[in-house]
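Visitor: sequence and computational prediction follow.
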Amino acid sequence: MPRHRPIETALAEHPFLAGLEARHVELLAGCARNIRFAASERIFESGGAADDFYLLRSGRVALEVHVPGRGPVTLQTLDPPDVLGWSWLVPPYRWQYDARTVEATAAFALDGKCLRGKCEDDHELGYQLYRRFLPVVQSRLQSTRMQMLDVFAASPAGGDAP
C-alpha cells in the first residue's frame, strides 16, 4: 500500500518552490490541495475568476486563446513541473487564457485568496512568490507574442484582418 507524504514535503520538492524557507512552504501548504483532471478537461476559461494556481505533477495542459474566425489557438503546452496560472496575483483576478488538459493531469492547487492574505501578512513570502512568478508571466507573454505573429502571418489579408 503506497504511503502518502505530507503535502508540505511534496510542495518543498517542487522545483518552482526550490529554496523557499520551510516556514513559507508550511504557509503555502495551508492553502494547497491535491487535484486531478481528466483528459480534455477544461481547468479554467478566460474571464473567469482566477481563484487558484497549479503546480503540475503529471500530465499536460494547453494554454489557449480564442481567435475570431479560427477558434481556440494553443499558445503553449505545459508539462510538469510547470506552473499554471498567474492571474490570481493581479486584480481583478480574472483568467487571461483558457486552460485545458491534453491528458490526465495531477497538480497541487493553491488557493489564491488564501495566498493573497498570507502574502499581506508576510511580505517576504509575497516577495518570494512574485520573484518566482515574474519569469512565468514573461514566458507566457513571449509565447503569446510568438503565436500571434503566426496567426497574423497566416491570415488571408496578410496580417490586415479586422
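Guide: Structure's in. What do you need?
Visitor: contacting residues around V83?
Guide: V83 makes contact with 16, 53-56, 132-133, 136 under the criterion C-beta atoms under 8 Å, 6 or more residues apart in numbering. C-beta coordinates here come from the backbone N, C-alpha and C atoms, glycine included.
Visitor: surely S58 forms part of a helix?
Guide: No. When classified by DSSP: H, G, I helix; E, B strand; the rest coil, S58 is found to be strand rather than part of a helix.
Visitor: per-residue pLDDT, it?
Guide: The score at S58 is 98. That number is its pLDDT.
Visitor: coming back round to it: by neighbours, which of the contacts of V83 wins?
Guide: Tallying neighbours with other C-beta atoms under 10 Å puts F53 at the head of the contacts of V83, with 24 neighbours.
Visitor: counting by contacts, list what the helix or strand of the chain with the lowest mean pLDDT packs against.
Guide: Every helix and strand of the chain was ranked by mean pLDDT, DSSP states H and E. The lowest is helix 123-154, at a mean of 83. Contacting helix 123-154 under the criterion 3 or more C-beta pairs under 8 Å, 6 or more residues apart in numbering; DSSP states H and E are the following elements: helix 22-29, strand 52-67, strand 71-78, strand 83-84, helix 112-121.
Visitor: low-confidence ranges, this protein, go.
Guide: Residue ranges of the chain with pLDDT under 70: 1-3, 150-152, 154-162.
Visitor: tell me the bridge partners for the spatially most central residue of it.
Guide: Residue closest to the mean C-alpha point of the chain, counted by C-alpha atoms, centre = their mean, is L84 at 1.4 Å. Note on L84: beta-bridge partners Y54, judged by DSSP bridges.
Visitor: next, count neighbours for A62.
Guide: Tallying neighbours of A62 according to other C-beta under 10 Å, which is how burial is gauged here, yields 19.
Visitor: same check, this time on M146
Guide: Using other C-beta under 10 Å, M146 is surrounded by 12 other residues.
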